[in-house]
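Chemist: coords below, sequence missing:
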């Protein structure tokens, strides 16, 4: 739980460019995980949910920032 708070505070301090950079890296990692799973090489399947949740957190932060800029 403490790690989640640290992650959220880290996301809130990153710039939009850094968030997009991290988002692209996580999307590439998710693609690679799917590829490894298709080949039967994937050992740690729990990494899927962690990467997906991290992508969702970054997208949420980006949406929150874009909504706050509109007003």
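Modeler: Ah, there it is. Small disclaimer: the values here were computed from a predicted structure and weren't measured.
Chemist: contacts and neighbour counts: CA atoms only from here.
Modeler: OK.
Chemist: Which other helices and strands does whichever strand or helix holds residue 38 contact?
Modeler: Assigned by DSSP states H and E, residue 38 belongs to helix 16-39. Judged by 3 or more C-alpha pairs under 8 Å, 6 or more residues apart in numbering; DSSP states H and E, the packing partners of helix 16-39 are helix 46-70.
Chemist: quick check: mean pLDDT across the helix it packs on?
Modeler: Average pLDDT, helix 46-70: 92.
Chemist: buried set for it?
Modeler: For helix 46-70, a neighbour-count test (16 or more other C-alpha atoms under 10 Å) marks 51, 54-55, 57-58, 61-62 as buried.
Chemist: Centre of the chain to that helix, how far?
Modeler: Computed by C-alpha atoms, centre = their mean, to the nearest Å, the chain-centroid distance of helix 46-70 equals 6 Å.
Chemist: Could you check the angle that helix makes with helix 16-39?
Modeler: 150 degrees (axes from the mean of the first three to the mean of the last three C-alpha atoms, to 10 degrees).
Chemist: Not counting the helix holding residue 38 itself, show me its contacts.
Modeler: 11, 42, 48, 51-52, 54-55, 58-59, 62 (C-alpha atoms under 8 Å, 6 or more residues apart in numbering).
Chemist: hmm, 6 Å instead?
Modeler: Contacts to helix 16-39, defined as C-alpha atoms under 6 Å, 6 or more residues apart in numbering, come from residues residue 42.
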